[in-house]
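Peer 1: next one to model:
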Amino acid sequence: MNKIIISLALLVASADATADNPLSCTLGVLQDLGWSIEKTSGEPGVLNTDTCASSSSPIFTYNDITESNLDILKRSEAALADTATRCLVNRRYKTAASQAVGKLTANTEFTFPLKAPDPRDPFLPPAENWIPSSKRGYDIPLNSISEGVNALYEKPFVAECATAIQIAQLAVLTEHYGPFTDAMLDPSDIGIGIWREYAKNPSIAAKTPLLIDSSRRKYPLKALAELGKGAFYGQTGYIRSVKSEEFIDSIDNIGQNFLIVDISDAAVTALQSRDKPLREINSISHRAWKRYNKLLSKGGDKKFLSSALRIELEASDPFFSDVDVYVHPLKVKSFAAHLERQFLFNPRTPFEFEIYEDYQSGYFHERYVNYRLNQCTGQSYCRKINRK
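Peer 2: Prediction:
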């Protein structure tokens, strides 16, 4: 650590730095994101950038004799947009996701509505901390985002599963960015939408039009796997019924919105090895359902068969056994455990997975970087992250 601090200090001094020096500012943000900054007498560049596959820190080296400050600045700005930086950010989401979900599930007065008492949809947050913006719109925090989230950790409130996943997203964001959350975002920048709105654009940034990389939209699970283990933390999605409502016996269990809390290396490796992982995972789920549904139709015991289904799925691929997901009000379970439960309540339809767009490490990371650079230079970082 001393080496990094000394190197950065020397560079700042050589740049005739002021409080708003763009170079020292950019390098400082890189360092805070997890990069090591080192001076070299040799060829400058970047090292250890495979942060998606390893836990090592990338290294940004500079040579203040052979490079101009402008050249170093341009390279440091490029490093901010590099995949190595995105994977560093993703890795930190594991702690944030665990903390957020742990605090939400510890609130015993955070309940699921048995009957919808409110026409907006059943999201009834603490009124002294949240504003219902409209009957068909979004609820927003009253004073600050962190204050609104803390109220949801501690006070009684009601939410169904789609709303709860947005709450979890917001809580993860707040845990991840800490005091910067309220500094970089206005409460009106985010919103907790009712189910009909969330289904259109599943993110707490739903009020902000976003353009998403076409490869993420077409092959979401493949794109995540290519970014490594860290890309899954805080990622959201949906376990949906394949057949229509006439095949649904329990309408309350027609689907489950989830947030990924943890995933094993084996599960990531297995997904990376598949050409079209989402399609193949859904095929495994469908085949298993078909087999056990047939046994059920022949008089098999539903509880026994649902348990057997879970065991078979766990053995078929680590995606089913080694991915821990949060679903309200069921807390944290594996995908196999959720499909076991779905078979128990709705055995007449198979269930498939959908993966939602990645906003947390894209849009909000961009907001964070822009805020940090604006604070010390008065300039915004114009290059768009995770958008095409």
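
Peer 1: show the end-to-end separation of stretch 132-149, please.
Peer 2: Counting by CA to CA, to the nearest Å, you get 15 Å between the two ends of stretch 132-149.

Peer 1: rounded mean pLDDT for it, please.
Peer 2: The average pLDDT within stretch 132-149 is 79.

Peer 1: show me where the chain has strands.
Peer 2: Under the criterion DSSP state E, strands of the chain are mapped to 36-39, 45-47, 59-62, 110-111, 130-132, 138-141, 157-158, 192-193, 236-241, 255-263, 323-327, 331-334, 351-355.

Peer 1: export those strands as CSV, with columns for mean neighbour count and distance to Gln342.
Peer 2: (C-beta placed from N, C-alpha, C; glycine too.) Below are the strands of the chain laid out as CSV (neighbours: other CB atoms under 10 Å; distance: least, CB to CB, whole Å):
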stretch, mean neighbour count, distance to Gln342
strand 36-39, 18, 46
strand 45-47, 15, 46
strand 59-62, 22, 47
strand 110-111, 18, 21
strand 130-132, 18, 31
strand 138-141, 23, 29
strand 157-158, 20, 23
strand 192-193, 27, 24
strand 236-241, 20, 7
strand 255-263, 24, 7
strand 323-327, 24, 11
strand 331-334, 17, 11
strand 351-355, 20, 5
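
Peer 1: so which of these comes closest to Ser76?
Peer 2: strand 59-62 (6.6 Å; CB to CB).

Peer 1: the closest one - contacts with which helices or strands?
Peer 2: strand 36-39, strand 45-47, helix 69-80 (3 or more CB pairs under 8 Å, 6 or more residues apart in numbering; DSSP states H and E).

Peer 1: would you list those in CSV and tack on mean pLDDT?
Peer 2: Shown next, in CSV, are the helices and strands packed on strand 59-62 (pLDDT from 0 to 100):
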stretch, mean pLDDT
strand 36-39, 96
strand 45-47, 95
helix 69-80, 94
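
Peer 1: domain ranges for this structure?
Peer 2: Using automatic domain parsing, the domains assigned to the chain come out as 2-81, 93-210+360-380, 213-358.

Peer 1: quick one, which of those domains is nearest to Cys87?
Peer 2: Short answer: domain 2-81, nearest of the domains of the chain by CB to CB, at 4.1 Å.

Peer 1: how about the contacts made by Tyr368?
Peer 2: For Tyr368, the contact set (CB atoms under 8 Å, 6 or more residues apart in numbering) comprises 177, 180, 184.

Peer 1: just the ones in helices from the residues you listed, please.
Peer 2: Within the contacts of Tyr368, residues falling in helices by DSSP state H are 177, 180, 184.

Peer 1: out of the residues you listed, which one sits closest to Asp322?
Peer 2: Using CB to CB, Tyr177 comes nearest to Asp322 of the ones in helices among the contacts of Tyr368, at 27.9 Å.

Peer 1: check contacts around the closest one.
Peer 2: Contacts for Tyr177 (CB under 8 Å, 6+ apart) come out as 184, 364, 368.

Peer 1: which stretches of this protein have low pLDDT?
Peer 2: Residues of the chain meeting the criterion pLDDT under 70: 1-20, 114-123, 133-138, 194-203, 206-219, 357-361, 379-388.

Peer 1: where's the residue nearest to Ala337 when sequence neighbours are not counted relative to Gln256, distance?
Peer 2: Leaving aside its sequence neighbours, Ala337 sits nearest to Arg310 (CB to CB, 6 or more residues apart in numbering; 6.2 Å). The spacing between Arg310 and Gln256, counted by CB to CB, to the nearest Å, is 15 Å.

Peer 1: same deal with Arg279?
Peer 2: Taking CB to CB, one finds Arg279 at 20 Å from Gln256.

Peer 1: ok, back up a step: dump the contacts of Tyr368 to JSON lines, plus distance to Ala288.
Peer 2: Converted to JSON lines, the contacts of Tyr368 look like this (distance: CB to CB, whole Å):
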{"residue": "Tyr177", "distance to Ala288": "40"}
{"residue": "Phe180", "distance to Ala288": "44"}
{"residue": "Met184", "distance to Ala288": "44"}
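
Peer 1: got TSV for the domains of the chain, with distance to Cys87 too?
Peer 2: Below are the domains of the chain laid out as TSV (distance: least, CB to CB, whole Å):
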stretch	distance to Cys87
domain 2-81	4
domain 93-210+360-380	9
domain 213-358	5
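
Peer 1: can you give me the helices for the stretch 151-300 of the chain?
Peer 2: 161-177, 180-184, 195-200, 214-218, 220-226, 265-273, 277-297 (DSSP state H, counting those that start in this stretch).

Peer 1: got the angle for the longest one vs strand 236-241?
Peer 2: Orientation check (axes from the mean of the first three to the mean of the last three CA atoms, to 10 degrees): helix 277-297 against strand 236-241 gives 30 degrees.

Peer 1: buried stuff in helix 277-297?
Peer 2: Buried residues in helix 277-297, defined by neighbour count with 16 or more other CB atoms under 10 Å: 277-278, 280-282, 285, 288-289, 292-293, 296.

Peer 1: who touches that helix?
Peer 2: By CB under 8 Å, 6+ apart, helix 277-297 touches 219-222, 225, 242, 271, 274, 300, 302, 305-306, 308-309, 312-313, 316-317, 319-320, 339, 343, 347-353, 355.

Peer 1: for it, the distance to its chain's centre please.
Peer 2: 27 Å (CA atoms, centre = their mean, to the nearest Å).
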